[in-house]
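Peer 1: Below: sequence and its predicted model.
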Amino acid sequence: MTPRHRRMATITVLVVGMGLATALILRAFNENLMYFYSPSEIAAGKAPSARDFRIGGMVVVGSVERNPESLEMSFTLTDYAHQTRVSYAGILPDLFREGQGIVAHGRLTPEGSFIAHEVLAKHDENYMPPEVAASLKPQSLPTTAANAP
Amino acid sequence: MLPELGHFAVALALAVAILQTVLPSLGLAFKRPALLALAGPAARWQFALLVLAFLTLGYGFLVHDFSLIYVANNSNTALPWFYRLSAIWGAHEGSLLLWIVILAGWGYAVSRRVHELPADIGAIVLAVIGFVGVTFLLFMLFTSNPFARAWPAPIDGGDLNPLLQDVGLIVHPPLLYMGYVGFVVPFGFAVAALIKGRLTAAWARWARPWTLAAWTFLTVGIALGSFWAYYELGWGGWWFWDPVENASFMPWLLGTALIHSLAASEKRGVFKNWTVLLAITTFALSLLGTFLVRSGVLTSVHAFATDPARGVFVLGILGTIVGGSLGLYAWRGPRTLAGGSYSTISRETFLLANSLLLCVATMTVLLGTLYPLVLDALGMGKISVGPPYFNRVFVWVMAPLIVLLGLGQSARWKEDSLHRLLIRAALFGGGALVLAAACAVSLAPDSRWRAGAGLLAAFWILGSVLAGIVQRLPSRSIWQTLRGLPLGFYGQALAHAGFAVTLIGVTLTSTQTIDLHTRAALGATLSLGPYEVTFDSIRDLEGSNYRATEGQFTITRDGELVRIVHPQKRFYQVRGVAMTEAGIVPGITRDLYISLGEPLGDGAWSVRMHIKAFVRWLWFGALMMALGGFLAVRDRRVGQPQLAGLEQTNALGRTS
């Protein structure tokens, strides 16, 4: 092989390799993207039914119900326009409280309720997940969306 | 009074930093060695002034000077003294000050060694560090002054974020900053090489110990952060692909590519352009990390700042430094080029391929971290990229990287025969295969294939490290040969073995861990793998600045007591925040991890119990990598001043 051939071969291998890597990465990326929907968007039928997504809102005060025998529980999330019932079996984060903003990962059931496999709340009492704050904003409610100090 | 002195010291440090940038530049432009020589003293003065500022802020915390807004927001009279000190870097302004102090500290360290370098190169490196210092000092003075006062002073402070009230916080941020700020030194060397239009093997020899040192600190910092998350967040995770973790992981990945590329540039004079580009991008990612953490675009425990002005400012700094250096690279890079030839089958090829793979890995992390932010900024929807993306992509990138790592370790520089290489690889590869199969069957009967693949990768690396050592052993005295091998060689072997150990930890933790989330009634006994866990009691207790509910769990195995643990649920009154303190029984092959969830009524609690298989290995491996880096820094051949001196004689005035 002449140096020129060798250079061509190297470049070809690089280009093909990079192309392949990019394609695989983008595919994995696409499959694992999680979109965020508010209860209103879910009520409007915008949320997908076949894949996981994130939902966010405020936990309605008095809506938490527990199964006394296990860790199964359910609660209602609201964006003050619509509500979604969320069921979850597991341990809630330290800051999960009624009246607090949370984000949950999971999937929608055909009946329109949400099965969460992860519930997130932040370590700060004033904190509201930015997605929740943004989805609440259109209703112009007095919210403190700051992630204080 | 003292805080004003601190503020004044910062302003003065800014003035000195400006001199540190401008004077050497003038000296370079007009060929005045006297001006070049001023860079060193300027760097020392800047460091001294910033240390003074840092100490005054520390004093403010120590004596509860709540007239300082920053102290009032992040400290409290009930806070123990050591947390008061670590609270200096517990929030935005103070950790920015720490960042700048450390930057100046690296400048100081370079100034102490500057006599070993050609005067102009040393001066450029210091000027670059000075320039970065100028931008960040401006940022601090204009947007985030830790010495701002409020009057009247509050009676008591707002307390430090409870998550950060931990020994981990005392050491994690300084080490992490030492790491990613440290990449400013190779960055400075890269700029020097571009300006001089000349890149010698000596250049790589000077830049290498600094890069290795920064990389070592970053490795320890990341490992500590991961360990801290494991025991402090209360649910046993050790890596979350959180944007802030990614922010420190990206410079680590590229930094790893950089130290390997530097080694090749030094030993064989190859990849010079590539090395310079890596030095620039590694520091660029460090700055990007600073931007992500400090600008408030992220929502995480680490992101203190929420003021948009700060974000714009840091983005401006990022644009100036990265844009400027990449522009310089585009302009001068091709001239710096040239040098070294090697055959297709050689250590150089393997190193190059792996540094490309590390770049691909960095790009995937960058994509997953930035894409959601960009989309959000453009108002195109809120998305997040889950850990499954990172996990899957990382396996794909790491698989070829590990194969090449094993081959590259045994390949010779310049040229090697494929035949020889394959025979050797077959030897240790075969050994690794047998060992991995045996371990997978005995340790991980449920997930043989996944565990087996991970272990094979780890043993493959270990095998190649061993083969590398055996290769160097002649027939006569083994002991003498081992003693004669340079420290750098042991550093490399240890770091690669550490990578293998981490890999074993990751593989077995992710395949063999037993998780149990359950309802535990008082007095109930639950089975957790081979262990029996009894929920004995629960009581309330009072801490220095929190109230806690403490459970007692007795862990037994086959009727024999293993340990009694006391996990807590803490409530910090000042901030009204709850925290989980896990009860952990550490072990070499497994950790037992119990944490309290929440009360479910009737004395029952939701409880998290894990058996974390081989989890300690992943941090232990990281420490081995860091120790390897440390040994390589200590290697006398690395950055050898005598050789550097040869260059010095004809260095000045050769600006092209």
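Peer 2: Nice, thanks for sending it over.
Peer 1: wait, B:V110 sits on B:V128?
Peer 2: No. The criterion here is C-beta atoms under 8 Å, and B:V110 misses it with B:V128 at 9.9 Å. All C-beta spots, glycine's among them, are computed from the backbone N, C-alpha and C.
Peer 1: what's the nearest residue to residue 93 if we skip its chain neighbours?
Peer 2: Picked chain A for this. Excluding the flanking residues, the one nearest A:P93 by C-beta to C-beta, 6 or more residues apart in numbering or on different chains is A:A121, at 4.5 Å.
Peer 1: The chain in question should be chain B.
Peer 2: B:P146 (3.7 Å).
Peer 1: In chain A, what residue spans correspond to strands?
Peer 2: Here chain A has its strands, by DSSP state E, at A:33-37, A:53-59, A:65-66, A:72-78, A:83-89, A:101-108, A:114-120.
Peer 1: Could you look over the ones you listed and pick the most buried one?
Peer 2: Across those, the average number of neighbours (mean count of other C-beta atoms under 10 Å in any protein chain shown) peaks for strand A:53-59, which reaches a mean of 24.
Peer 1: pLDDT score assigned to A:K46?
Peer 2: pLDDT for A:K46: 84.
Peer 1: Low-confidence regions, the stretch 251-400 of chain B specifically.
Peer 2: For the stretch 251-400 of chain B, the stretches flagged by pLDDT under 70 are B:295-308, B:334-340.
Peer 1: now the strands: where do they sit in it?
Peer 2: Listed in chain order, the strands of the stretch 251-400 of chain B (DSSP state E, counting those that start in this stretch) span B:383-385.
Peer 1: Confidence-wise, which of the strands of chain A is weakest overall?
Peer 2: Among the strands of chain A, strand A:33-37 carries the lowest mean pLDDT, a mean of 84.
Peer 1: does it come close to chain B?
Peer 2: Yes. Counting by C-beta under 8 Å from any C-beta of the partner chain, chain B has neighbours in strand A:33-37: A:33-36.
Peer 1: Looking at those residues, spot the one nearest chain B.
Peer 2: For the residues of strand A:33-37 next to chain B, the residue nearest chain B by C-beta to the nearest C-beta is A:F36; the value is 3.8 Å.
Peer 1: Going by neighbour count, which residues in the helix or strand harbouring B:L541 are buried?
Peer 2: If you go by DSSP states H and E, B:L541 is part of strand B:531-542. By 16 or more other C-beta atoms under 10 Å in any protein chain shown, the buried positions in strand B:531-542 come out as B:531-535, B:538.
Peer 1: now it, how far from the chain's geometric center?
Peer 2: Distance of strand B:531-542 from its chain centroid, counting by C-alpha atoms, centre = their mean, to the nearest Å, is 37 Å.
Peer 1: same check, this time on stretch B:211-222
Peer 2: Its chain's C-alpha centre and that of stretch B:211-222 lie 6 Å apart, by C-alpha atoms, centre = their mean.
Peer 1: now stretch B:135-154
Peer 2: The chain centroid and the centroid of stretch B:135-154 are separated by 28 Å, computed with C-alpha atoms, centre = their mean.
Peer 1: ok, residues contacting that stretch?
Peer 2: B:3-4, B:6-7, B:10-11, B:13-14, B:17, B:53, B:56-57, B:65-70, B:72, B:92-94, B:96-97, B:99-100, B:103, B:305, B:307, B:309-310, B:313-314, B:317, B:320-321 (C-beta atoms under 8 Å, 6 or more residues apart in numbering or on different chains).
Peer 1: now that stretch: mean pLDDT?
Peer 2: In this model, stretch B:135-154 has an average pLDDT of 90.
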